[in-house]
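[1] coords please:
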Amino acid sequence: MAFQSGFVGIFGKPNAGKSTLMNALMGEKLAITSPKAQTTRNKILGILSEKEYQIIFSDTPGILKRNYKLHDRMLQEIEHAKQGTDVVLFLMDVKDNVDENIELLKELKIASPVLVVLNKIDKSHKSTEEVKKKFLSVKNVQEVLAISAKEKLHLDVLMQSLLRFIPDMPAYYNEDSLSDKPMRFFVSEIIREKIFDLLDDELPYHCAVIIRAYEEKQTLTKISADIVLSRESQKGILLGSGGSMIKKIGQLAREDIERFIERKVFLEIHVKVRKDWRNNDLYLKEYGY
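    Alright, predicted model coming up:
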């Protein structure tokens, strides 16, 4: 029996549910999620290996306007993700503006076959027939599907449609591989997710997380992390009264990291300020952007 293997790019506006969809399809939480937009900053590969196929999903940052050099880096990740994809999933929140999303899809100039995925149907009772007709008139759109990534509705139908466009090829990665990212990356993302969960407004967007040390000891894994802020005035908010906020971030992050790596963890977090790091090429490179 032929084996299928290929690359699938996931694109869409911020907060369309791209990371939630990849996690649901993978059956593993690889990408952090948040109700806040623009949570994903780096392209993340999720490698799904089954008996008859291997699909390499690429979760990308939401498509956004350039306000900082960090945004330039995020848009570069989107451009890189377009290269070499066998099929693209263009994700749209079913309650979002249809014409805006169609314009965005056209601007992407995707050469691969496109499956448009209308997400969050559990939150809407409107018919999607008119939306489907509009998208099917766009070049390279092969099919329009309605799903709920969060509730895992119709993901089996989506997978069946995807496999129609995955070529007969041997596997690209070892069947035990889940991603191309190192463990340090996932640890930093878990900490960053807790910042998004616990802090309001703009502060999470001013934060970067750097893993300074990751040591596997005999009985536990010792991790040292820096949370970097762009202004001195943000430090007090992140620390909280008597250090209560940073303590809570550390506790919740440690619990999730332990579940992820299946080991006891000692997590040490330091808070640092690097003025306007989001516009500094040297800092962006150091922080992995």
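[2] what helix or strand does the closest residue to K152 other than its chain neighbours sit in?
    Excluding the flanking residues, the one nearest K152 by Cβ to Cβ, 6 or more residues apart in numbering is A24, at 5.4 Å. The way it works is simple: take the backbone N, C-alpha and C, and place the C-beta from them, glycine included. Per DSSP states H and E: A24 is located in helix 18-26.
[3] For whichever helix in the chain runs longest, the averaged confidence score.
    If you go by DSSP state H, the chain has its longest helix at helix 244-261. The average pLDDT for helix 244-261 rounds to 96.
[4] next one: stretch 24-43
    pLDDT averaged over stretch 24-43 gives 76.
[5] Quick check: end-to-end length of that stretch?
    17 Å (Cα to Cα, to the nearest Å).
[6] coming back round to it: quick one: buried residues of the longest helix of the chain?
    Under the neighbour-count criterion of 16 or more other Cβ atoms under 10 Å, helix 244-261 has 245-246, 249-250, 252-254, 256-257, 260-261 buried.
[7] Start from the N-terminal end of this protein and give the strands.
    For the chain, the strands defined by DSSP state E occupy 4-12, 44-49, 53-59, 87-93, 114-119, 141-146, 208-216, 221-229, 265-273.
[8] Now do R192 against N174, distance only.
    To N174, R192 is 28 Å away according to Cβ to Cβ, to the nearest Å.
[9] typo on my end, S49
    Using Cβ to Cβ, S49 is found at 8 Å from N174.
[10] Looking at these two, which has the bigger crowd around it?
    A direct count of neighbours by other Cβ atoms under 10 Å for S49 and N174 places S49 higher, at 17 against 9.
[11] and the residue nearest to that one when sequence neighbours are not counted, how many neighbours does it have?
    Spatial nearest neighbour of S49, excluding adjacent residues (Cβ to Cβ, 6+ apart): E175 at 4.3 Å. Residues lying near E175 (other Cβ under 10 Å) number 10.
[12] Verify the stated contact: the residue nearest to K152 with L155.
    Yes. At 6.0 Å, A24 and L155 qualify as touching, with contact defined as Cβ atoms under 8 Å.
[13] Need the residues touching each of those two.
    Shared contacts of A24 and L155 (Cβ atoms under 8 Å, 6 or more residues apart in numbering): A149.
[14] Please say which of these two ends up with more neighbours.
    Counted by other Cβ under 10 Å, A24 and L155 do not tie: A24 has more neighbours, with 20 against 17.
[15] Next up, the contacts around F3.
    For F3, the contacting residues are 52-54, 168-171, by Cβ under 8 Å, 6+ apart.
[16] List just the nearest of those residues to D86.
    Closest to D86 out of those is M169 (9.0 Å), distances taken as Cβ to Cβ.
[17] Assess the claim that K43 and I56 are in contact.
    No. Contact criterion Cβ under 8 Å: K43 and I56 do not qualify, at 11.4 Å.
[18] returning to that earlier point: for S5, see how far away the residue nearest to S49 is.
    11 Å.
[19] Mutual contacts of the two, please.
    Applying Cβ under 8 Å, 6+ apart, one finds that E175 and S5 are jointly contacted by Q54.
[20] before we move on, the earlier item: now that we have the contacts of F3, which of them are buried?
    By neighbour count, with 16+ other Cβ under 10 Å, these hold 53-54 as buried.
[21] Could you pull up the contacting residues of E100?
    K13 are the contacts of E100 under Cβ under 8 Å, 6+ apart.
[22] So it versus S124, what's the distance?
    17 Å.
[23] How about I44?
    Counting by Cβ to Cβ, the gap from I44 to S124 is 28 Å.
[24] Then P170?
    41 Å.
[25] same deal with L239?
    Going from L239 to S124 by Cβ to Cβ gives 40 Å.
[26] Kindly report the same for D256.
    For D256, the distance to S124 - Cβ to Cβ - is 31 Å.
[27] Where does the prediction get shaky in the stretch 151-289 of the chain?
    Scanning the stretch 151-289 of the chain for pLDDT under 70 picks out the ranges 283, 287, 289.
[28] Quick one: residues contacting the closest residue to R184 other than its chain neighbours.
    In space, and not counting its chain neighbours, R184 is closest to I211: 4.3 Å by Cβ to Cβ, 6+ apart. Taking Cβ under 8 Å, 6+ apart, we find I211 in contact with 184, 187-188, 223-225.
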